[in-house]
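Novice: model the following, please.
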Amino acid sequence: MRVVIFVRHHRSHPSPYDIGPQVTMVLESLPGVSQIRVDREEAHRATISYKWKDPGIHSPCISVVLASRGMQLI
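Specialist: Alright, predicted model coming up:
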C-alpha cells in the first residue's frame, strides 16, 4: 500500500535543514517501509510518500518516532 504523509518540524524544535531528507532517514529505519519519495518540499514542510507492508513486527507508530526527532505529522 502506498501512503502519503505531510510532515513539518515541530514548533518547539525549529530547524534550518530541509525536512524531507530527515524524514526519509527516519522512515528507512522502520520495518516494512520502502520506496520512500519526497514528493514536495516547501520551506517548513514536506509531502512524503512510501510503500508500507506489515512485516509482522511490532514497531512504533510513525508519529511517535517523528515526534522523538522534533517533527510532526500535519
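Novice: now do the contacts for the residue most central in space within the chain.
Specialist: Centroid-nearest residue in the chain, with C-alpha atoms, centre = their mean: Val23, separated by 3.8 Å. By C-beta atoms under 8 Å, 6 or more residues apart in numbering, Val23 lies in contact with Ile5, Val7, Val38, Ala46, Ile48, Leu66, Met71. Quick note: C-beta positions are derived from backbone N, CA and C, even for glycine.
Novice: endpoint to endpoint, stretch 50-57 covers what distance?
Specialist: Distance across stretch 50-57, first residue to last, is 18 Å (C-alpha to C-alpha, to the nearest Å).
Novice: helix or strand: which one has the residue sitting furthest away from the middle of the chain?
Specialist: Distance from the C-alpha centroid of the chain peaks at Gly56, with 20.2 Å (C-alpha atoms, centre = their mean). Using DSSP states H and E, no element contains Gly56; it sits outside every helix and strand.
Novice: and after the helix ranked longest in the chain, which helix or strand comes next?
Specialist: Longest helix of the chain, by residue count under DSSP state H: helix 19-28. Next along the chain after helix 19-28, taking DSSP H and E as the criterion, comes strand 33-41.
Novice: and the gap between the residue nearest to the centre of the chain and Gly56?
Specialist: 24 Å (C-beta to C-beta, to the nearest Å).
Novice: and what of Val4?
Specialist: Remark: distance between Val4 and Gly56 (C-beta to C-beta) = 24 Å.
Novice: ok, and what's touching stretch 37-44?
Specialist: Residues contacting stretch 37-44 (C-beta under 8 Å, 6+ apart): 4, 8-9, 18-21, 23-24, 46-50.
Novice: 10 Å instead?
Specialist: With contacts defined as C-beta atoms under 10 Å, 6 or more residues apart in numbering, stretch 37-44 is touched by 2, 4-9, 11, 14-15, 18-21, 23-24, 46-51, 74.
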